[in-house]
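In: the sequence isn't on hand, but the structure is:
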């Protein structure tokens, strides 16, 4: 038995029951987000002012993976600037950077 739940932002949550085990996962097509970030970067749009830069737009599934890998809650991530910097500065997520300056 398998159920796909479509969520806003192109996020799909899959829940499956296999051999008595409940398995869940999240998928998202991140290409539109990467394209949007590249477009903003190429246009030179880095935010509303020089004091407030748009560094990146990280897809939900990437944030969720970071939380799971580091055993964090969303609240813990939001309260710790070191985690936010590490997430945004991750070279694997470079496609989602708009402003490439130092955080």
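Out: Looks like it came in fine. Please read these numbers as outputs of a predicted model, since none were measured by experiment.
In: which one is the residue nearest the centre of the chain nearest to, not counting chain neighbours?
Out: With distances taken as C-alpha atoms, centre = their mean, the residue of the chain nearest its centroid is residue 59 (2.8 Å). Take residue 59 and drop its neighbours on the chain: the residue closest to it by C-beta to C-beta, 6 or more residues apart in numbering is residue 30, 4.5 Å away. Every residue, glycine included, has its C-beta placed from N, CA and C.
In: residue 61 too?
Out: Nearest one to residue 61, counting by C-beta to C-beta, 6+ apart, is residue 28 at 4.3 Å.
In: gap between residue 19 and residue 27?
Out: According to C-beta to C-beta, to the nearest Å, residue 19 stands 22 Å off from residue 27.
In: looking at these two, which is more packed in?
Out: Set side by side, residue 19 and residue 27 show more neighbours around residue 27, with 12 against 5, by other C-beta atoms under 10 Å.
In: dump the residue contacts of the more buried one.
Out: Counting by C-beta atoms under 8 Å, 6 or more residues apart in numbering, residue 27 touches 11, 12, 14, 61.
In: can you check residue 47 too?
Out: Residues near residue 47 by C-beta under 8 Å, 6+ apart: 53, 54, 98, 99.
In: got it, and residue 3?
Out: Residue 3 touches 14, 15, 16, counting by C-beta under 8 Å, 6+ apart.
In: am I right that it sits in a strand?
Out: Yes - going by DSSP: H, G, I helix; E, B strand; the rest coil, the assignment for residue 3 places it inside a strand.
In: where does it land on pLDDT?
Out: On pLDDT, residue 3 comes in at 95.
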